[in-house]
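Colleague: How does the following fold in three dimensions:
(one chain, ligands or ions: 1)
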Amino acid sequence: MPSAPKRRSLKRSNAHFAKASQALPLGVSSNFRYWGDEHTIYIKEGRGGRITDIDDNRYVDYRMGYGPGILGYADERVDAAARDGMNIGGVFALSTEREYEVAQRISKMVPAAELVRFSNSGTEAVMAALRLARAFTGKDGHIIVEGGYHGIFDAVLWYADIEDWAESGGTPAIEAESAGIPGMLKKLAHFTPLNDANYLEDLLRKHHRDIGAFLIEPMMGNCCSITATREYVQAARELCDRYGVIMIVDEVKTGFRVARGGVQELMGFKADLCTFAKAVGNGYPISVVAGRADIMRQVGKGVVHGGTYTCHSVSLAAAAKTLEILDETDALETIADYGARLQAGMSDILNARNIAHSFVGHPSMGGLFFKETPPSNYRDWLDSDYTFYDTMAPELHELGVLCEPDSREPWFVCEAHARDDSLEHTLQAFATAVDLTSDKIMRQASNG
Ligand SMILES: Cc1ncc(COP(=O)(O)O)c(C=O)c1O
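Modeller: Next comes the predicted model:
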């Protein structure tokens, strides 16, 4: 039996939680940051690929803020640019010349981005894309891929209830992700499983008169990086064209990460509209909606787009520098190489213990499964042993490796991981966590 490592102290985080929850619901500013009263941690600082919590526990971080930290925390190059941006003065309710410069860079990196508009968050970018699609097609409905997440606004906060569907069969029920979402919006949201072109065709044949947009993350950054096949993406592209539906490729997580031109470059196709956020500014809040000129030109012909804080001079300067680095250096190759070495090391550890597993997605945002072949959609995900993952994640936290507690979030790699010797520490911790998890699961089984 592996000897259990010393548990980390969360004394300060626990005390802070008790205080913070008096002022903030759940003690945090996003529901996803609440990990339970005992396990919610508060961060003191992040540097490179590591973060330190207020109890001085240090972690190699593979959440990277759910992806924005593409280069690493407090990247000197980006932060210097951001400081220059601060000297410009903030927001003016008027534009600056730099918006054009950054838009040009994006159009060069992503061929589908013929025209570009900026926002602050992924949510705002997807909201704008959906509005453009509705305006262009005159159709209000949209399709979401089962397991997909597209932000925190009402039109997309619906999900196909796959976990209950496994027991009941038929078509998964569609449920609201939150209380307070108007029930009348439900009829706008249609769902389809990834990698099933026949299902999509059937859905479009029946409902295309009501459906203006097909929202897809071909590499599902909120569903373990389950990935579409090239054939599926091609078929979906053709179906959207045939039925007059705007294909919105949500690259909020994959954009400027899995390739310079995002998942569209990897898979060799073009969206009608696409959205970017996370990696655009290495963590500074900025996002992008971009796409076909004829659709984007709806802005100015009736479609409203904007916001007080769009293109804050700090975020814009950070984006200009981050995109320059991603475009002109080998940062993305370094990240992919680290991710590949991380996965190879994990595989060696799991193979030595005869534990079936597979990886899916891209090495820069890989999903780990405890099954020989990765799932091809969210329905298949139910067949993988996610209990092993869910038991292992807290052990990794104790050992100084921070991954998301929920197996549906991929492991995000940043450029700094490759610089600061994170790999050896990660793999040592991973081996120990695997052994502790196997032991725990065995003991639970023998206790009935
Ligand atoms: C694919 C995708 N779209 C949209 C969003 C929403 O982005 P934000 O949290 O910046 O509003 C996210 C957030 O994780 C995302 O992963």
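Colleague: and the residue in the chain positioned nearest to the ligand, how many residues sit next to it?
Modeller: With CB to the nearest ligand atom, the shortest gap between the chain and the ligand falls at Gly122, namely 2.2 Å. C-beta here means a position set from N, CA and C on the backbone, and glycine is covered the same way. Residue crowding around Gly122 was assessed by other CB atoms under 10 Å; the count is 28.
Colleague: Give the rounded mean pLDDT of the lengthiest helix in the chain.
Modeller: Longest helix in the chain by number of residues (criterion: DSSP state H): helix 422-446. Average pLDDT, helix 422-446: 94.
Colleague: again with stretch 359-378
Modeller: For stretch 359-378, mean pLDDT rounds to 94.
Colleague: cool, and stretch 307-323?
Modeller: Mean predicted confidence for stretch 307-323 is 98.
Colleague: what do you get for stretch 27-40?
Modeller: Averaging pLDDT residue by residue across stretch 27-40 gives 95.
Colleague: Go through that stretch and flag the buried ones.
Modeller: 27-28, 34-35, 40 (16 or more other CB atoms under 10 Å).
Colleague: Quick one: low-confidence residue ranges for this protein.
Modeller: Where the chain drops to pLDDT under 70, the residues are 1-4, 169, 448.
Colleague: now with 90?
Modeller: 1-7, 162-171, 380-386, 406-408, 419-421, 442, 444-448 (pLDDT under 90).
Colleague: what sits against the residue of the chain closest to the ligand?
Modeller: Neighbouring residues of Gly122 by CB atoms under 8 Å, 6 or more residues apart in numbering: 150-151, 250, 252, 275, 277-278, 287.
Colleague: Swap in 7 Å and give it another go.
Modeller: 151, 252, 275, 277-278, 287 (CB atoms under 7 Å, 6 or more residues apart in numbering).
Colleague: Please apply the same query to Tyr62.
Modeller: 401-403, 411-412.
Colleague: can you check Glu217 too?
Modeller: Counting by CB under 7 Å, 6+ apart, Glu217 has contacts 145, 148, 250, 254.
Colleague: all helices for the stretch 251-400 of the chain, in order.
Modeller: Remark: helices assigned in the stretch 251-400 of the chain by DSSP state H, counting those that start in this stretch are 262-267, 293-296, 313-328, 331-352, 378-381, 386-398.
Colleague: Relative to Gly366, which of these is closest?
Modeller: helix 331-352 (5.8 Å; CB to CB).
Colleague: Can you tell me which residues in the stretch 151-300 of the chain are near the ligand?
Modeller: Taking CB under 6 Å from any ligand atom as the contact definition, the stretch 151-300 of the chain meets the ligand at 151-152, 217, 221-222, 250, 252-253, 277.
Colleague: Most neighbours of all the residues you listed, which one?
Modeller: Asp250 (32 neighbours).
Colleague: would you say that residue is within a strand?
Modeller: Yes. Counting by DSSP: H, G, I helix; E, B strand; the rest coil, Asp250 is found in a strand.
Colleague: Would you mind stating the distance between the closest residue to it other than its chain neighbours and Ile248?
Modeller: In this structure, Asp250 finds its nearest non-sequential neighbour in Glu217, 4.7 Å apart by CB to CB, 6 or more residues apart in numbering. Glu217 sits 10 Å away from Ile248, going by CB to CB, to the nearest Å.
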